[in-house]
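1. predicted coordinates and the sequence they were generated for:
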Amino acid sequence: MTPARADLARPSAPRLFRKVLVANRAEIAARVCRTLREMKIASVAVYSEADRGAHHTRVADEAVCIGPPAPSDSYLNMAALLDAARVTGAEAIHPGYGFLSQSAAFARACEKAGVVFIGPSAESMELLGDKASSRRAAERSGVPTIPGVEGVARIEDALREAEKIGYPVLLKAVGGGGGRGMRRAGDAGELRDAFESARREAATAFGDDRLFLEKLVHPARHVEIQILGDGSDAIAIGERECSLQRRYQKIVEESPCSVLSEKTRAAMEAAAVALAREARYAGAATVEFLLGPGGDFYFLEVNTRLQVEHPVTEMRSGLDLVRAQIEVAAGGVLPKKPALRGHAIEARLNAEDPYHGYLPQTGNVILLQWPAGDGVRVDAGIRQWQPVHAHYDSLLAKVIAHGRDREEARRRLIAALESLALLGVATNQAFLLELLEDRAFATGETYTHTLESRAWPGPDAVPDEALLAAAIALQAPPDASRVGRDDADRYSPWTRLGVWGRATPANRGAGGGGA
Amino acid sequence: MSRRLVLHWSGKHLEADVSFRDGGVTLTRDAAKVEASYRREGAWITLTIGGVTHRAAVAKDARGLWVSCRGRTWLLVPEGREGAARGSADAPDEIRAPMTGRVVSVAARAGDGAREGDLLLTIEAMKMEFKLTAPEDGVVLEVACAEGDRVDLGQLLVRLKPSAVEGETA
């Protein structure tokens, strides 16, 4: 426990912070601010020059500019963040996820500056955040791990080890996360091809080119356990299944996992809690497992922070995980292990084109309508008129639906996504709907390879209602008395752009003079 | 009076005849006629087609007309402005960096022919590697970057000369 925390330790009635700085952006920054407001703690948002006026800066009590758009100059700039905390008088920093949330150096810098880092100690972060040491910790606590070796530096070693373990194998960056530096190899030839690019990606992304080589479990589901620790004890709050991933980035998450038996769930929870105790973990963390076809499960990694998909657990447990993080950081006690009810599914709305290599999309949000309804939650990261840049992660918002059972949650999520309207930036909304309506998803046949092993055609035509809506929108203003006449057209920019042509063959294609 | 609506969506050419009357509209597309009554409130349009009600949101920007209906969104682009839909400053034959990042490998070479979907180059940005592919059949005119280069968002990477000009056959 850090000295700053020890000062505050008063288990029965923790002295909560008066003001907390949120060292993040977009939906997670806004989501943390919401809990701070509920707890009557003042919130400080930070923003880069590219995020001036962004949604998250408007839901906080104060907002401070911390530098230029590049993450290294702003959201990853420890000095600027600590300066912002000092200037605003924030007593604690919530790091959200991504950016500095898993930086032991930042946790130490906070401690040195006399600011409480809302998260685990630098030591438990180092123990669990590094793939090699977390795997050793898992082995010490009796948590099953995938057969493999760490620190493979040369292709010759990789080939020899792969022969021992048996193909297919997976290469992963030792210091990695989020799928960067991960490569699959089905045979020695593929391993030769994958090795260099995995090493290169590991070196550029993490400044560390050491690789793990391990057995590939197939078909596998990604199942993770939410844990909450107070530095000595820990509780597990059920699982989330996050098998639907594109390039190892999760896209739809749910709880419970539709195939997990009570026995396996209990074993996974016990393993996660053992690991948290071993690391004397304080705060929220997620222990990720691969679930094999026979109900066998293997430790993957620990995320020593709040996860993007934490609302799925919140919807089922009624627990506010951000509040729990803040209370633990302030020296409070762990909540009781909550009962979990119903089923929750989350969909990530990303500014990306899923039908063309998931390329990030940019633009200005010119119309925005979030869904609402029973059991529906939206964690929004943007507001209307906000520009979407390519500087940052493409996540715009998360839509989460809860129901009594999986089918009710699925139907509610589909209805929510169908009533969501976001214009001006292309998103993966249609793809999310295609996925949720797909037979494989409806029947719970979700594996880590599901998204990439199939073609997802997407909408292939513009339906009549959309074309009719376009025709009406391009028509003269609704109050014009002489709808459809030539005078109305003269004032429409769309005429000059050549949208409307006369229905005579001679004039077709001649209307584009102004373009 | 019937008028012809000409729009593009995702490389597809759309044509329909449209005629308005009080609170109603008729769309004729590929010889099929659709009649609808409608109500418009700002950006929201409520349409009734054959007893079925549809609600659509519409808004324009420099790239075209965005229409959202039941969770699906279409960017409909007026004739002659197809290039604008591909992104901020992209002309139809210019492949630009979708993110600030680093060029990992370059597959395209000036003078080579490329089929739609062929890999041109791979760049590595924030979270992953992106494979940039040829948007249509053509010939590579210029490769404006090299392996290992740092590239800025919107920077020109490859110029491609399309082998056929679209829209001449209607």
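-> Perfect, I can see it now.
2. by contact count, what packs against the least confident helix or strand in chain B by mean pLDDT?
-> The helix or strand of chain B with the lowest confidence, counting by mean pLDDT, DSSP states H and E, is strand B:128-133 at a mean of 78. For strand B:128-133, the contact count by 3 or more C-beta pairs under 8 Å, 6 or more residues apart in numbering or on different chains; DSSP states H and E identifies strand B:119-125 as packing neighbours. Just so you know, the C-beta spots here come from the backbone N, C-alpha and C atoms, and that holds for glycine as well.
3. so A:A203 touches A:L211, yeah?
-> No - between A:A203 and A:L211 there is no contact under C-beta atoms under 8 Å: 10.1 Å.
4. also compute the angle for the longest strand anywhere in chain A relative to strand B:128-133, please.
-> Secondary structure of chain A read by DSSP state E shows that its longest strand is strand A:234-246. When axes from the mean of the first three to the mean of the last three C-alpha atoms, to 10 degrees is applied, the directions of strand A:234-246 and strand B:128-133 differ by 10 degrees.
5. still on that earlier bit, residues contacting the least confident helix or strand of chain B, please?
-> The contact list for strand B:128-133 (C-beta atoms under 8 Å, 6 or more residues apart in numbering or on different chains) reads A:179-180, A:201, A:247, A:249, A:357-359, B:95, B:98-99, B:101, B:104, B:116-124, B:157-158.
6. next SSE after it?
-> Going down the chain from strand B:128-133, the next helix or strand is strand B:138-143, by DSSP states H and E.
7. so which elements touch that next one?
-> Strand B:138-143 is packed against strand B:113-114, strand B:156-162, with contacts defined by 3+ C-beta pairs under 8 Å, 6+ apart.
8. looking at those strands, which is closest to B:G42?
-> Nearest to B:G42 among these is strand B:156-162 (38.8 Å), distances taken as C-beta to C-beta.
9. shaky segments in the chain?
-> Assuming you mean chain A. Of all residues in chain A, those with pLDDT under 70 make up the ranges A:1-14, A:176-181, A:476-515.
10. to clarify, I was referring to chain B.
-> Using pLDDT under 70, chain B drops low at B:1, B:80-92, B:126-128, B:164-170.
11. quick revisit: which elements pack onto the longest strand of chain A?
-> Secondary-structure packing of strand A:234-246 (3+ C-beta pairs under 8 Å, 6+ apart): strand A:221-230, strand A:249-255, helix A:262-278, helix A:310-317.
12. starting at the chain centroid, how far to the least confident helix or strand of chain B?
-> If you compare the mean C-alpha spot of strand B:128-133 with that of the full chain, they lie 19 Å apart, counting by C-alpha atoms, centre = their mean, to the nearest Å.
13. listing partners with orientation, what would you give for that strand?
-> strand B:119-125 (antiparallel) (DSSP bridges).
14. pull out the buried residues from the strand it pairs with.
-> Counting neighbours by 16 or more other C-beta atoms under 10 Å in any protein chain shown, one finds that the buried residues in strand B:119-125 are B:L120, B:L121, B:T122, B:I123, B:E124, B:A125.
15. export that strand to PDB, keeping only CA atoms.
-> Presented in PDB, the C-alpha positions along strand B:119-125 are these (Å, rounded to 0.1, in the frame of the first residue of the first chain):
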ATOM      1  CA  LEU B 119      -2.100  -5.100 -51.400                       C
ATOM      2  CA  LEU B 120      -0.300  -1.800 -52.000                       C
ATOM      3  CA  LEU B 121       1.400  -1.300 -48.700                       C
ATOM      4  CA  THR B 122       1.200  -1.900 -45.000                       C
ATOM      5  CA  ILE B 123       1.300   0.800 -42.400                       C
ATOM      6  CA  GLU B 124       1.500   0.400 -38.700                       C
ATOM      7  CA  ALA B 125      -0.500   2.900 -36.500                       C
END
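16. what's the angle between that strand and strand B:156-162?
-> Between the axes of strand B:119-125 and strand B:156-162, defined by the same axes, to 10 degrees, the angle is 160 degrees.
17. ok and strand B:119-125 relative to strand B:138-143, angle-wise?
-> Orientation of strand B:119-125 against strand B:138-143 (the same axes, to 10 degrees) gives an angle of 50 degrees.
18. what are the ranges of the helices in the stretch 1-150 of chain A?
-> Remark: helices assigned in the stretch 1-150 of chain A by DSSP state H, counting those that start in this stretch are A:3-8, A:26-38, A:55-58, A:78-88, A:104-112, A:122-129, A:131-140.
19. need these in JSON lines (columns: mean neighbour count and distance to chain B).
-> JSON lines is the format used below for the helices of the stretch 1-150 of chain A (neighbours: other C-beta atoms under 10 Å in any protein chain shown; distance: least, C-beta to the nearest C-beta, whole Å):
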{"stretch": "helix A:3-8", "mean neighbour count": "15", "distance to chain B": "32"}
{"stretch": "helix A:26-38", "mean neighbour count": "22", "distance to chain B": "13"}
{"stretch": "helix A:55-58", "mean neighbour count": "21", "distance to chain B": "18"}
{"stretch": "helix A:78-88", "mean neighbour count": "18", "distance to chain B": "19"}
{"stretch": "helix A:104-112", "mean neighbour count": "19", "distance to chain B": "19"}
{"stretch": "helix A:122-129", "mean neighbour count": "22", "distance to chain B": "18"}
{"stretch": "helix A:131-140", "mean neighbour count": "18", "distance to chain B": "18"}
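20. now do the longest helix seen in chain A: distance to the chain's middle.
-> Criterion DSSP state H: the longest helix present in chain A is helix A:188-206. With C-alpha atoms, centre = their mean as the basis, the distance from the averaged C-alpha position of helix A:188-206 to the chain average is 25 Å.
21. now swap in stretch A:70-82 and tell me
-> For stretch A:70-82, the distance from its own C-alpha centre to the chain's C-alpha centre is 20 Å (C-alpha atoms, centre = their mean).
22. any chance of the helices and strands packed on strand A:234-246 in JSON lines, with distance to A:G207 too?
-> Output for those, formatted as JSON lines (distance: least, C-beta to C-beta, whole Å):
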{"stretch": "strand A:221-230", "distance to A:G207": "26"}
{"stretch": "strand A:249-255", "distance to A:G207": "21"}
{"stretch": "helix A:262-278", "distance to A:G207": "26"}
{"stretch": "helix A:310-317", "distance to A:G207": "28"}
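23. reformat these as TSV; add distance to chain B.
-> TSV is the format used below for these (distance: least, C-beta to the nearest C-beta, whole Å):
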stretch	distance to chain B
strand A:221-230	17
strand A:249-255	7
helix A:262-278	26
helix A:310-317	19
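24. of all the ones you listed, which one is nearest A:E27?
-> Distance to A:E27, taken as C-beta to C-beta, is lowest for helix A:310-317 among those, at 10.0 Å.
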